[in-house]
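1. pasting the structure only:
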Ligand code: FES
């Protein structure tokens, strides 16, 4: 197979549209409408509680870190603050972007705006890019959010453990957007009427960063930068660690989320930071289900899914050898067994789209 | 020419829910609101043509199951990105326990 072209404007993008792989019908496990309605039901209280805990912890960690500054004893508090800023905000951005975390729209929107700022993801641009990720999950040339490409861009992932590429790109893009322009790739998935909103947000952010930088210079202190901006770098590791597991090593260009997404059982702290996105097959199949109902959804459909990885460590034990193998042979991917109770993988869906006989 | 079509029984739709109704190559969504009124819109989301039948009705809003775009199903108005184009709506009347739509 020819080398994959991940550009939204490249040959794989054109091929996906021509063959019908793009915007296609995906496999879903059957769930009675009554049960699904119950799972989709919105409520405010779990997310209000989690948000109070999150912002409360951030305030306490930052306050202690500032109080102890410049002693080395401050470091663990900055690191704890950083992981909530640079990683927990990733999942808040995600859930509130779907609009499922809270029942009340303004609460979703408020947390979405704050989380987008922390993650340096323009809230307008990324709403559209994430919609595309759900339409065309891991379809090469269509999905703008593929983390582990083939061959895997390991250096890129490693740099992003410290937020380096993603945050720098985010800031670069912010300045481009603030100047009134959009990148040609993002213009492929953002409708024109939304372009002014992209620019407006970028300008507001630029002012906030300028003010932060100015206060750091005026006070001759690192504290303003450790508080705003830099935590996107030194706190990014957890969201990269969990995010890589979502799809890495699995199939691409398929139309059954059981083939390209991974569910991993995780410890409660990681689940709080990640807002239950470890139930990732479930989330992709049914994005209407709020994060706090995903464990129930998982129980309901696990008979139809590959066995989840029992821990983050176990998941990496599966992913790492697969990525290493993909370095040499990029067409390799993991095809996990389904339990006897599951319906077979719907390989016919993508095979039909590509005009190839299914196995 | 517009005509009234018998779409379903009033009891076929739960309160604050919808069903899909296909007629003459066109797919519709028929809603029963929390205060027991009936409404009808096009059955496919204007974002990426996904059937709204698996979506969630909350008060007077239908949320699309694919990307959580929202419409007011009384007017068809697009309320939340990624939907930008309004849904078509159709007149509805209830007669003898049946829901009729004008298409
Ligand atoms: S298909 Fe309905 S919101 Fe995207």
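-> Cool, got the structure. What you see is a predicted model, and the numbers here were worked out from it, not measured in a lab. Residues are numbered from 1 along each chain as shown, chains lettered A, B, ... in the order given.

2. what parts of chain B come near the ligand?
-> Those residues of chain B that sit near the ligand, judged by Cβ under 6 Å from any ligand atom, are B:45, B:47, B:48, B:50, B:64, B:66, B:67, B:69, B:82, B:83. Glycine gets a C-beta too; all of them are placed from N, C-alpha and C.

3. how does it look with 5 Å?
-> Contacts of chain B with the ligand, taken as Cβ under 5 Å from any ligand atom, map to B:45, B:47, B:48, B:50, B:64, B:66, B:67, B:69.

4. the nearest residue to the fourth one once chain neighbours are set aside - how many residues pack around it?
-> Read it as residue B:50. Distances taken as Cβ to Cβ, 6 or more residues apart in numbering or on different chains place residue B:66 nearest to residue B:50, at 4.3 Å, with adjacent residues excluded. When counting by other Cβ atoms under 10 Å in any protein chain shown, one arrives at 23 neighbours for residue B:66.

5. and residue B:66, what does it touch?
-> Under the criterion of Cβ atoms under 8 Å, 6 or more residues apart in numbering or on different chains, the contact partners of residue B:66 comprise A:134, A:135, A:287, B:45, B:47, B:48, B:50.

6. for residue A:226, same thing?
-> Shown in contact with residue A:226 (Cβ under 8 Å, 6+ apart): A:65, A:78.

7. same question, residue A:15
-> By Cβ under 8 Å, 6+ apart, the contact set of residue A:15 is A:21, A:141.

8. quick check: it is in a helix.
-> Yes. Residue A:15: assigned to a helix according to DSSP: H, G, I helix; E, B strand; the rest coil.

9. buried stuff in stretch B:78-89?
-> Residues B:78, B:79, B:80, B:81, B:82, B:83, B:86, B:87, B:89 are the ones in stretch B:78-89 that count as buried (16 or more other Cβ atoms under 10 Å in any protein chain shown).

10. what's that stretch in contact with?
-> Under the criterion Cβ under 8 Å, 6+ apart, residues A:99, A:105, A:124, A:127-128, A:131, A:191, A:193-194, B:39-42, B:45-47, B:61, B:63-64, B:67-77 lie in contact with stretch B:78-89.

11. quick one, which of those are buried?
-> Neighbour-count burial (16+ other Cβ under 10 Å) applied to those gives A:99, A:124, A:127-128, A:131, A:194, B:39-42, B:45-47, B:61, B:63-64, B:67-73, B:76.

12. from these, which land in strands?
-> Those of the buried ones among the contacts of stretch B:78-89 mapping onto strands are B:39, B:40, B:41, B:42, B:61, B:63, B:70, B:71, B:72, per DSSP state E.

13. so which of those residues are also by chain A?
-> B:63, B:70 (Cβ under 8 Å from any Cβ of the partner chain).

14. all strands for chain B, in order.
-> With DSSP E as the criterion, chain B has strands at B:4-9, B:17-23, B:26-32, B:38-42, B:56-58, B:61-63, B:70-72, B:78-80, B:89-90, B:92-95, B:98-102.

15. hmm, back to that, got the phi and psi for the residue nearest to residue B:50?
-> Note on residue B:66: backbone dihedrals following degrees, to the nearest 10 are phi -90, psi -60.

16. separation between it and residue A:12?
-> Computed as Cβ to Cβ, to the nearest Å, the residue B:66 to residue A:12 distance reads 22 Å.

17. report the separation between residue A:294 and residue A:95.
-> Separation of residue A:294 from residue A:95 (Cβ to Cβ): 10 Å.

18. so for these two, which sits in the more crowded spot?
-> Ranked by neighbour count (other Cβ under 10 Å), residue A:294 and residue A:95 place residue A:95 first, with 25 against 22.

19. any idea which element the more buried one lies in?
-> Per DSSP states H and E, residue A:95 falls inside helix A:89-98.

20. can you tell me the centre-most residue of chain B?
-> Closest residue to the average C-alpha location of chain B: residue B:29 at 3.2 Å, with Cα atoms, centre = their mean.

21. residue of chain A with the smallest distance to the ligand?
-> residue A:131 (6.0 Å; Cβ to the nearest ligand atom).

22. quick one: end-to-end distance for stretch B:48-58.
-> Using Cα to Cα, to the nearest Å, one end of stretch B:48-58 lies 21 Å from the other.

23. so who does the closest residue to residue B:11 other than its chain neighbours touch?
-> Leaving out its chain neighbours, the residue that sits closest to residue B:11 by Cβ to Cβ, 6+ apart is residue B:97, at 7.3 Å. Contacts for residue B:97 (Cβ under 8 Å, 6+ apart) come out as B:9, B:10, B:11.

24. quote the end-to-end distance of stretch A:73-91.
-> 29 Å.

25. show me what that stretch is in contact with.
-> Residues from elsewhere that reach stretch A:73-91, judged by Cβ under 8 Å, 6+ apart: A:54, A:57-58, A:61-62, A:64-68, A:114-115, A:118-119, A:163, A:226-227, A:230-239, A:242-243, A:272-275, A:277, A:291.

26. perfect, that will be all.
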